[in-house]
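Visitor: Would you be able to build a 3D model of this:
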Amino acid sequence: MKRIILVTHGDFAKGILTSVKLVMGETDYIDFVSISAKETIPEITGMIEAKMRYDSEEAITIIISDIAGGSTTRAAMELLSPGENIYLVTGLNLGLLLEIAMIPMSGEKSSDRQLLKSAIENSRNTIALVNDLLDESRCETDDLEEL
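Guide: Now for the predicted structure:
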């Protein structure tokens, strides 16, 4: 069983989960933790842990945080341990979340890690300055017209 927990500052996680549901329908395996400026790292870690389900030893938990060096990520790092199927991904955006939500995780650690790396790379490749893409497209069209 796959479980995804979004950990963000403010209401970002709640909002992005609403967007995911528009695209995918009901997603009962995705939950979220929203933090404010008041919580300490141990409190945030406790909030995340409270959302984790331990239905079986094969349960896979993917925590996705918003900022790499932020308190959300630092708190989630406290929950990582070598023997468990807990993965932490940072840089939450809608494309990344959709990629990860659709991954058929198997529970085999090296395979699951590779699937997550591919999802991250796919998401990373969709980030672009569209103006540059349009300029490149126009240049290619202009080059063809010169022939």
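
Visitor: what packs against the longest strand along the chain?
Guide: The longest strand of the chain (DSSP state E) is strand 2-9. Judged by 3 or more CB pairs under 8 Å, 6 or more residues apart in numbering; DSSP states H and E, strand 2-9 is in contact with helix 12-24, strand 30-35, helix 41-51, strand 60-65, helix 71-77, helix 94-101. In this view, the C-beta of every residue, glycine as well, is placed from N, C-alpha and C.

Visitor: now the second one: how far from the chain's centre is it?
Guide: Its chain's C-alpha centre lies 12 Å from the corresponding centre of strand 30-35 when counted by CA atoms, centre = their mean, to the nearest Å.

Visitor: between that strand and strand 60-65, how many degrees?
Guide: 40 degrees (axes from the mean of the first three to the mean of the last three CA atoms, to 10 degrees).

Visitor: do the first one as well
Guide: What separates the directions of helix 12-24 and strand 60-65 is an angle of 120 degrees, with the same axes, to 10 degrees.

Visitor: if we look at helix 12-24, which residues are touching it?
Guide: 6-8, 27, 30, 32-34, 66, 92-94, 97-98, 101-102 (CB atoms under 8 Å, 6 or more residues apart in numbering).

Visitor: Highest neighbour count among the residues you listed?
Guide: Ranked by neighbour count (other CB atoms under 10 Å), these have Val7 at the top, with 30 neighbours.

Visitor: What residues are bridge-paired with that residue?
Guide: With DSSP bridges as the criterion, Val7 is bridged to Val33, Ser65.

Visitor: For it, list the residues it contacts.
Guide: Counting by CB under 8 Å, 6+ apart, the residues that Val7 touches are 13, 32-33, 35, 44, 48, 63-66, 72-73, 75-76.

Visitor: can you list these in TSV and add pLDDT and distance to Ile127?
Guide: Formatted as TSV, these follow (pLDDT from 0 to 100; distance: CB to CB, whole Å):
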residue	pLDDT	distance to Ile127
Ala13	95	20
Phe32	96	22
Val33	97	25
Ile35	96	25
Ile44	97	27
Ile48	96	26
Ile63	97	21
Ile64	98	16
Ser65	97	17
Asp66	96	15
Thr72	96	20
Thr73	97	19
Ala75	97	26
Ala76	97	22
